[in-house]
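# need a structure here:
(4 chains)
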There are 2 protein chains.
Amino acid sequence: MARKRFDDSSCSVARALNEVGDWWSLLIVLQAMYGTRRFVDFQQELGIARNILVDRLCRLVDNDVLRKVDVGEHGPRFEYRLTDKGRDLFPVVIALRQWGDKYNPCPEKPPLDLRDRRTGQPIRQLEVQDAEGNPLSVRDVFVQEDPQDDKKQA
Amino acid sequence: MARKRFDDSSCSVARALNEVGDWWSLLIVLQAMYGTRRFVDFQQELGIARNILVDRLCRLVDNDVLRKVDVGEHGPRFEYRLTDKGRDLFPVVIALRQWGDKYNPCPEKPPLDLRDRRTGQPIRQLEVQDAEGNPLSVRDVFVQEDPQDDKKQA
DNA sequence: GAAATCTGGTTTCATTTCGAAACCTTATTA
DNA sequence: TAATAAGGTTTCGAAATGAAACCAGATTTC
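This is a model prediction of the structure:
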């Protein structure tokens, strides 16, 4: 892909977006979190063009977000399953979902109600927190400059 | 834009990606969180083409993620500032950053060290939690079906 | 055992989008 | 008066996208 890429960027957000920052990749990961595993199912549930889906699945596999597993006992069958790295996108997806629910609720339906399987309770609102668990806003944080200048521990 | 859009999608993640799900929008928001406000600064710091930047800024303004403020006392001057909605993308950005730091660390530099302005301590790792604050993985959650259909308990 | 089907793709091609560079307009400064 | 700055717009070639047709191996159906 010839879009400007950021493989080399010193910003890890940019590098993360490099892997899952296009229109489809994160939706594919989301579908996978819902349990979708097979090519045709991704295709139908997302309504994505097949060639694009191939491209994205390959890229996600290359980036170790998904694993392609041959389950073909009768006929060609493959499954695309989340890796640990892929599952670790859970907070990203949840953060996006909560933001979407807050600012762009669907007028008809209520938002999807995600709950803890164990207790049946809704999950908590994600928030950025300080070391003690107090909520932090954008303005409450700063970037600690490279501590190698002043001799700090490693 | 003629990419498949999801304005109508019942999935709030899809609707969120609709607003900030392209290559540049979230990076613009990130820059804004770092304090960038002016057109030329976004352009130079991100290395984005000017026409694309115009398009994305307009879209972010339309979607109420940024506000365009005329600060032109002498000559044309505008600032693009985060709205509350834009600032609420903070957890999304942090989730992406932490994921990127974990799986795609920059080999040379250490990751950006975000700290709490008040205490100087690093911020906490984001995690999805249940009502009591215990961590939840993808597999620990389920989608509560619309409770009006069947009278189920949790 | 031949035909239709399912799965997981490729290929082709028209339409969009991207990115770079040139240009434009208003206003300020040298 | 000329040069510069800010914030765009225009143009154009290159790349990505999406739809639909095609393909190939294996399998069920008749």
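# contacts, neighbours, all on C-alpha from now
OK.
# pLDDT score assigned to the spatially closest residue to A:Val29 that is not a sequence neighbour?
Nearest non-adjacent residue to A:Val29, counting by Cα to Cα, 6 or more residues apart in numbering or on different chains: A:Gly86, 7.1 Å away. pLDDT, A:Gly86: 98.
# helix or strand for A:Leu30, which one?
In this structure, A:Leu30 sits in helix A:25-34 according to DSSP states H and E.
# which neighbouring elements make contact with that helix?
In terms of contacts (3 or more Cα pairs under 8 Å, 6 or more residues apart in numbering or on different chains; DSSP states H and E), helix A:25-34 is packed against helix A:39-46, helix A:50-62, strand A:78-82.
# which positions in chain A make contact with DNA strand D?
Where chain A comes near DNA strand D, counting by Cα under 7 Å from any atom of the strand, the residues are A:1-3, A:22-23, A:47-52, A:73-76.
# contacting residues for the most centrally placed residue in chain A?
Of all residues in chain A, the one closest to the mean position by Cα atoms, centre = their mean is A:Leu89, 3.7 Å from it. Taking Cα atoms under 8 Å, 6 or more residues apart in numbering or on different chains as the definition of contact, the neighbours of A:Leu89 are B:95-96, B:99.
# just A:Leu114 next, same as before
Under the contact definition (Cα under 8 Å, 6+ apart), the residues listed for A:Leu114 are A:122-123, B:141-144.
# quick one: the helices in chain A?
With DSSP state H as the definition, chain A shows helices at residue ranges A:12-20, A:25-34, A:39-46, A:50-62, A:84-87, A:90-103.
# show me where chain A dips below the pLDDT cut-off.
Judged against pLDDT under 70, the low-scoring parts of chain A cover residues A:1-10, A:146-154.
# if you set the cut-off to 50 instead, what comes out?
A:1-4, A:149-154 (pLDDT under 50).
# surely A:Tyr103 meets B:Lys85?
Yes. The pair formed by A:Tyr103 and B:Lys85 meets the contact definition of Cα atoms under 8 Å, at 7.2 Å.
# how far does stretch A:36-51 sit from the chain's center?
Taking Cα atoms, centre = their mean, to the nearest Å, the mean C-alpha location of stretch A:36-51 is offset from the chain mean by 17 Å.
# on that earlier part again, to A:Arg115, which of the helices of chain A lies closest?
Smallest distance to A:Arg115 across the helices of chain A (Cα to Cα): 11.9 Å, for helix A:90-103.
# mind giving me the packing neighbours of the closest one?
Helix A:90-103 is packed against helix B:12-20, helix B:90-103, with contacts defined by 3+ Cα pairs under 8 Å, 6+ apart.
# kind regards, and thank you for your time.
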